[in-house]
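Novice: Quick check, what structure comes out for this input:
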Amino acid sequence: MQWVAVVIWVLLLIAFIVFEAVTVQLVSIWFIGGSLGAILTSLLGGSVLLQCIVFFGLSVTLLLVFRPIFKKRLTTPMIATNLDMVVGKSGIVVQRIDNDHGTGRVNVGGQQWTARSLDGSTIEEGAKIKAQEISGVKLIVSPE
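Specialist: Model prediction:
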């Protein structure tokens, strides 16, 4: 009977390894450790109940201890690109912004952008604006 439990735990171990290899998302890696613990418990003659307790206990412990560490190390920080750095900055209208006629240019941080107003309003030349977002190659702005 003992070898049947070992075989079941080994099959579960292989399934968790394959699943983790397919997903690469740290989804089942914790269960791999739990399976190894359950296999060891089975080989040492532990009951099926003890094997399950070791499996779940070790899996949860590994998840709680190591997931925050792995998540912190594997998460890449968002780095603002040149485009992203324009959002939130102030500028000046160099060509009247009129969404209905498809016209408008602004100067933000020394760069000229084709611009549209956020709310659809017309913004006159020389007005101060604030960049709200980028849509394609157009800067979406609002009056400052």
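Novice: Which segments of this protein make up each domain?
Specialist: 2-74, 82-143 (automatic domain parsing).
Novice: Take the ones you listed and write them to CSV, including mean pLDDT and mean neighbour count.
Specialist: Glycine gets a C-beta too; all of them are placed from N, C-alpha and C. Conversion of those to CSV gives the following (pLDDT from 0 to 100; neighbours: other CB atoms under 10 Å):
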stretch, mean pLDDT, mean neighbour count
domain 2-74, 93, 15
domain 82-143, 92, 15
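Novice: Sticking with residue 132, tell me its helix or strand.
Specialist: strand 128-135 (DSSP states H and E).
Novice: Which SSE is immediately downstream of that strand?
Specialist: strand 138-143.
Novice: end to end, how far does stretch 104-117 reach?
Specialist: End-to-end distance of stretch 104-117 (CA to CA, to the nearest Å): 9 Å.
Novice: Show me the contact partners of it.
Specialist: The contact list for stretch 104-117, computed with CB atoms under 8 Å, 6 or more residues apart in numbering, reads 85-86, 89-99, 123, 129, 131, 135, 137-143.
Novice: Can you name every helix or strand that the longest helix along the chain contacts?
Specialist: In the chain, with assignment by DSSP state H, the single longest helix is helix 48-74. Counting contacts by 3 or more CB pairs under 8 Å, 6 or more residues apart in numbering; DSSP states H and E, helix 48-74 packs against helix 2-23, helix 29-43.
Novice: quick one: the longest one to helix 48-74, angle?
Specialist: The reference is to helix 2-23. 20 degrees (axes from the mean of the first three to the mean of the last three CA atoms, to 10 degrees).
Novice: Can I get helix 2-23 in CSV, CA atoms only?
Specialist: C-alpha atoms of helix 2-23 as CSV (Å, rounded to 0.1, in the frame of the first residue of the first chain):
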residue,chain,number,x,y,z
GLN,A,2,2.9,2.3,0.8
TRP,A,3,4.3,2.2,-2.8
VAL,A,4,0.8,3.1,-4.2
ALA,A,5,0.9,6.4,-2.2
VAL,A,6,4.5,7.1,-3.4
VAL,A,7,3.4,6.5,-7.0
ILE,A,8,0.5,8.8,-6.6
TRP,A,9,2.6,11.6,-5.1
VAL,A,10,5.3,11.1,-7.8
LEU,A,11,2.6,11.4,-10.5
LEU,A,12,1.3,14.6,-8.8
LEU,A,13,4.8,15.9,-8.6
ILE,A,14,5.3,15.3,-12.4
ALA,A,15,1.9,17.0,-13.2
PHE,A,16,2.9,20.0,-11.1
ILE,A,17,6.3,20.3,-12.8
VAL,A,18,4.7,20.0,-16.3
PHE,A,19,2.0,22.6,-15.3
GLU,A,20,4.6,25.0,-14.0
ALA,A,21,6.8,24.5,-17.1
VAL,A,22,3.8,25.3,-19.3
THR,A,23,2.6,28.4,-17.4
